[in-house]
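# coords please:
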Amino acid sequence: MSQSKVQVYYHLVWSTKKRWPFLEDPIKDKLYRHIRALAYKKGVKILAIGGMADHIHILIKTDGTIAPITFSGFIKSLTTKSINKKIESGEFFFWQRGNGVFSIHYSMVNRTIKYIKNQKKHHEEINLEEELIFLENL
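Below is the predicted model:
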């Protein structure tokens with residue numbers, strides 16, 4: 001093979017600082033669009049994005065040129081700045097420190113997309129801590 005072909009899939013999970021339930025409509029929809037645009041600039045494809053008011057799930061596909069932690073830091077930093085420019089209440093938005101990063105085999109991509117899109121249903125049964133334990137054990 002004369003050229004390299006790399007496809008890497010990651011399921012990213014971040015929570016808001018102190019699990020503040022900030023990610024509601026219409027902020028959530030604007031945030032998701034902003035994240036998609038930022039990802040595009042970095043050459044990262046968002047396959048799914050969703051979550052609850054206090055956390056977000058993103059499934060990304062990369063060519064391996066950007067580490068998932070680097071990508072997470074880039075997105076978290078710029079979205080924090082963008083959101084804080086728009087808050088008029090005098091409060092400030094922050095993401096929680098740390099990242100949940102789970103590598104996904106390509107055979108699990110469709111299942112992961114479905115999982116991300118059904119967050120509301122999942123959280124009727126389990127909380128975020130239980131969800132992270134579940135993801136670690138896949």
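
# tell me the helices in the chain, going along the chain?
Here the chain has its helices, by DSSP state H, at 27-41, 68-86, 109-117, 119-122, 128-136.

# Show residues contacting the fourth one.
For helix 119-122, the surrounding residues in contact (Cβ atoms under 8 Å, 6 or more residues apart in numbering) are 50-52, 57, 115, 131. C-beta coordinates here come from the backbone N, C-alpha and C atoms, glycine included.

# Tell me where the model's unsure across this protein.
Applying pLDDT under 70 to the chain flags residues 1, 86-90, 122-138.

# Quick check, central residue of it?
I58 (3.2 Å; Cα atoms, centre = their mean).

# quick one: that residue and W14, what's the gap?
I58 is 8 Å from W14, where distance means Cβ to Cβ, to the nearest Å.

# now do G100
As for G100, its distance to W14 is 7 Å (criterion: Cβ to Cβ).

# next one: Y32
From Y32 to W14 the distance is 13 Å (Cβ to Cβ).

# What of I83?
13 Å.

# same check, this time on I66
To W14, I66 is 16 Å away according to Cβ to Cβ.

# From the neighbour counts alone, determine which of the two ranks first.
Between I66 and W14, W14 has the larger neighbour count (other Cβ atoms under 10 Å), namely 20 against 16.

# So in terms of bridging, what pairs with the more buried one?
For W14, the beta-bridge partners under DSSP bridges are I56.

# Give the full set of residues in contact with it.
Neighbour list for W14: 55-56, 72, 76, 95-96, 99-100 [criterion: Cβ under 8 Å, 6+ apart].

# I appreciate the help and will end here.
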